[in-house]
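1. Build me a structure from this.
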Amino acid sequence: MSVVPSERGATASAPLEKFDQAKTSLDNRCTGVPPLTARREPWMNSLLHDPRLAALLQQHGSPLNFVTADPMLDNIRELDAVADARSLDFRVFFARKANKCLTFVNAAPLAGSGVDVASLNELQQTLDAGIATSDIICTAAIKNAELVDVCVRNDITLTIDNEDELLLIISTAEQLAKPAAVAIRLSGFVHDGNKLQSRFGVDIEQCVGFAKTIPTNRVRVTGLHFHLDGYCARQRITAITQSLAVVPRLRQQGHPIEFLDMGGGFPISYLSSAEQWETFWSEHGRA
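-> Below you'll find the predicted structure:
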């Protein structure tokens, strides 16, 4: 069950010291060895004193899951502000696979965000939520005929990983008599002398040759995409630099590259103390 607070901080008010007492009491009952103390948003602490909470637990049972999109919207605005300060043409696409709750899909337009879907189910739910097709990209690792058909029919950009997918997309575009929009997913970037391995995507050294096999009358390559595990900023810089170097060569082939899509997420801190995190891994290794 999902309950969405109507506004930030819920509706109940309580003295600040009560918040602190509740936090201490809850943390003392939810610690391991060594402890990892969760970082809670102000609305979470306020919710603990909401008089409706006991009644909701009695009605719906436990666990009771409360969801608000406020932190997501704040994170998107913060990222947008960094891009604006550097005059970058930038846009966040919220990844459905990261959280299935439709609250976040519905909130995405409020922050000017698009939605990244990774399955037919996710795509259909996003369309049903009224998200514009121009605000959706499909990055599914496995794309069946039905998923490709829905994307092409609705002018939704698909990432493409290999020749098999290309042939399916070309066939679908021919059957529907309309061009398909795709973004080639790149992999195999060379960083510090080593290739960054990925389970999907076209090796960047083979990208130009692969693009030559794409019929521009059926398939429009409108972008490039990559997905990196982990959060190493230097690896991201390497991937961006090497991807941008490919763009002019693809445009010479007649592919109207318009964007570079960087996948893999960004780090979020869920703890109150960085020292606790370091101690946890130190003790984990020692054990």
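2. Let me see the ranges of the strands in this structure.
-> 2-3, 65-66, 93-95, 114-117, 136-138, 157-160, 180-187, 190-191, 194-195, 202-203, 219-227, 259-263 (DSSP state E).
3. What is the third one packed up against?
-> Judged by 3 or more Cβ pairs under 8 Å, 6 or more residues apart in numbering; DSSP states H and E, strand 93-95 is in contact with strand 114-117. No exception for glycine: its C-beta is placed from N, CA and C like everyone else's.
4. what helices or strands is the strand it packs on leaning on?
-> Looks like strand 114-117 contacts strand 93-95, helix 120-128, strand 136-138 (3+ Cβ pairs under 8 Å, 6+ apart).
5. Which parts of this structure are helices?
-> 16-29, 42-47, 53-60, 70-85, 102-107, 120-128, 145-153, 163-176, 207-212, 233-252, 274-286 (DSSP state H).
6. residues in contact with the most centrally placed residue in the chain?
-> Centroid-nearest residue in the chain, with Cα atoms, centre = their mean: residue 95, separated by 3.0 Å. Applying Cβ atoms under 8 Å, 6 or more residues apart in numbering, we find residue 95 in contact with 116, 118, 139, 263, 265.
7. can you redo the helices and strands packed on strand 114-117 as CSV with mean pLDDT and distance to residue 172?
-> Output for the helices and strands packed on strand 114-117, formatted as CSV (pLDDT from 0 to 100; distance: least, Cβ to Cβ, whole Å):
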stretch, mean pLDDT, distance to residue 172
strand 93-95, 93, 23
helix 120-128, 96, 14
strand 136-138, 97, 13
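8. so which of the ones you listed comes closest to residue 56?
-> helix 120-128 (25.3 Å; Cβ to Cβ).
9. picking that back up, what's the distance between the residue nearest to the centre of the chain and residue 227?
-> Counting by Cβ to Cβ, to the nearest Å, the separation of residue 95 from residue 227 is 10 Å.
10. joint contacts of these two?
-> 139, 263.
11. so where's the protein shaky on pLDDT?
-> 1-24 (pLDDT under 70).
12. switch to 90 and redo it
-> 1-49, 51, 65-67, 71, 97-100, 197-200, 229-231, 263-273 (pLDDT under 90).
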